[in-house]
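A.B. asks: following is a predicted model, sequence given first.
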Amino acid sequence: PGLTAINTLSPPPGTSKHAPHSIIIGVRKGGTRALLEMLDIHPEVAAAAIEVHFFDWDENYAKGFDWYRELMPYSYPHQITVEKTPGYFTSALAPERIRAMNSSIKLLLILRDPTERVISDYTQVYFNRLENHKPVQAIENLLVHSGALNTRYKAIQRSLYDVHMRNWLRYFPLEQIHIVDGDTLIRDPLPEVQKVERFLNLPPRIMSSNFYFNQTKGFYCIRSEGRERCLHESKGRPHPAVNDTVLQQLRSYLREHNRNFYRLVKRSFDWQ
Ligand code: A3P
């Protein structure tokens with residue numbers, strides 16, 4: 001047992017830790033875990049194991065870049081390091097701080113239909129609260145206050161992609177931010193992941209045989225190095241049915257923001 005402990009602690013020969021070459025900046029519930037796990041299939045990718053929250057949490061940022069690098073995985077010289085923290089996208093300070101570290105870093109942003117994202121966000125908080133024995137509310141009570149859409153609800157604010165994107169574009173050119181279509185990644189992951197390979201200048205190594213559809217989970221799972229694995233059960237949970245009037249209120253509020261976003265990124269999505 002002593003030897004095993006030493007082996008797990010000492011790095012593989014020839015490896016070292018590096019600040020990320022690429023960061024998945026969000027969006028929360030966009031499919032960030034799926035994207036990181038799928039990229040990790042690539043032999044030249046070393047993915048960070050945890051969400052670091054370096055650029056969005058002041059108390060972590062204060063610890064400095066060496067602290068940050070220590071949290072990165074050991075990698076070989078031919079590998080690139082990738083980190084994901086979904087909170088970066090909606091953080092006011094993250095873009096400026098990331099640019100201060102590396103102004104030519106490649107950013108990955110995975111987005112899905114913002115209405116769907118609100119419901120997914122609600123669902124995650126709902127289950128977290130249940131686990132922690134805290135009271136929960138119906139989604140309609142959070143979305144609407146006395147008949148009007150509660151635009152201060154955090155889950156809605158995180159879905160204002162144009163607002164957050166405008167802040168990133170103050171610090172990075174659009175070409176440096178590759179947007180992954182999270183809705184497409186769910187239905188047909190390979191082409192989306194291949195676009196990321198190209199964006200990161202990686203040789204094409206991820207193949208259709210790396211994915212298989214798991215009927216029970218209802219999602220694609222990963223086959224790599226002789227192992228098959230699906231994402232954690234908290235990924236891909238059923239969503240609650242939302243009252244139709246409330247849903248329409250939410251959709252119509254987001255519509256203008258979506259249009260602004262399409263203009264900003266010079267690309268459109270088929271969000272409702
Ligand atoms: P839901 O659980 O609401 O369906 P994140 O990792 O950023 O929190 O995103 C979670 C979302 O990733 C899930 O939201 C799910 O829809 C999506 N996702 C995309 N591909 C997936 C996959 N292969 N397996 C499970 N979830 C996937």
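C.D. replies: Looks like it came in fine.
A.B. asks: how about the residue of the stretch 51-200 of the chain found nearest the ligand, nearest residue that isn't a chain neighbour?
C.D. replies: Going by CB to the nearest ligand atom, the ligand is nearest to Ser120 of the stretch 51-200 of the chain, at 3.1 Å. For the C-beta atoms, the positions are set from N, CA and C on the backbone; glycine is no exception. What sits nearest to Ser120 in space, not counting adjacent residues and going by CB to CB, 6 or more residues apart in numbering, is Lys29, at 4.1 Å.
A.B. asks: I'd guessed Thr81 sits against Arg69; true?
C.D. replies: No - checked against CB atoms under 8 Å, the pair Thr81 and Arg69 is beyond contact range at 9.1 Å.
A.B. asks: which residues does Ser104 contact?
C.D. replies: Ser104 makes contact with Gln176 under the criterion CB atoms under 8 Å, 6 or more residues apart in numbering.
A.B. asks: revised request: answer the last question for Arg117.
C.D. replies: Val27, Arg28, Lys29, Gly30, Leu111, Ala155, Arg158, Ser159.
A.B. asks: go again using 6 Å as the cut-off
C.D. replies: Contact analysis of Arg117 by CB atoms under 6 Å, 6 or more residues apart in numbering lists Lys29, Ser159.
A.B. asks: tell me the phi and psi of it?
C.D. replies: phi -60, psi -40 (degrees, to the nearest 10).
A.B. asks: gap between it and Glu192?
C.D. replies: Distance, Arg117 to Glu192, using CB to CB, to the nearest Å: 17 Å.
A.B. asks: quick check: longest helix of this structure.
C.D. replies: Longest helix in the chain, counting residues (DSSP state H): helix 244-265.
A.B. asks: give me the residues contacting that one.
C.D. replies: If you take CB under 6 Å, 6+ apart as the criterion, helix 244-265 is touched by 114-115, 140, 143-144, 149, 160-162, 165, 268, 271-272.
A.B. asks: pick out the most distant pair among those.
C.D. replies: With CB to CB as the measure, no two of the contacts of helix 244-265 lie farther apart than Glu140 and Ser268, at 29.5 Å.
A.B. asks: apart from its neighbours in sequence, what residue is nearest Ile179?
C.D. replies: Leu109 is the one closest to Ile179 (CB to CB, 6+ apart), at 5.1 Å.
A.B. asks: wait, isn't that neighbour in contact with Gly182?
C.D. replies: No - counting by CB atoms under 6 Å, Leu109 does not reach Gly182; the two are 9.5 Å apart.
A.B. asks: before we move on, which element is the residue lying closest to Phe211 once chain neighbours are set aside in?
C.D. replies: Of all residues not flanking Phe211 in the chain, Tyr220 sits nearest, at 4.9 Å (CB to CB, 6+ apart). Element membership for Tyr220, per DSSP states H and E: strand 219-224.
A.B. asks: for the ligand, what are the nearby residues on the stretch 151-272 of the chain?
C.D. replies: By CB under 6 Å from any ligand atom, the residues of the stretch 151-272 of the chain that approach the ligand are Leu185, Ile186, Phe219, Tyr220, Leu231, Lys235, Gly236, Arg237.
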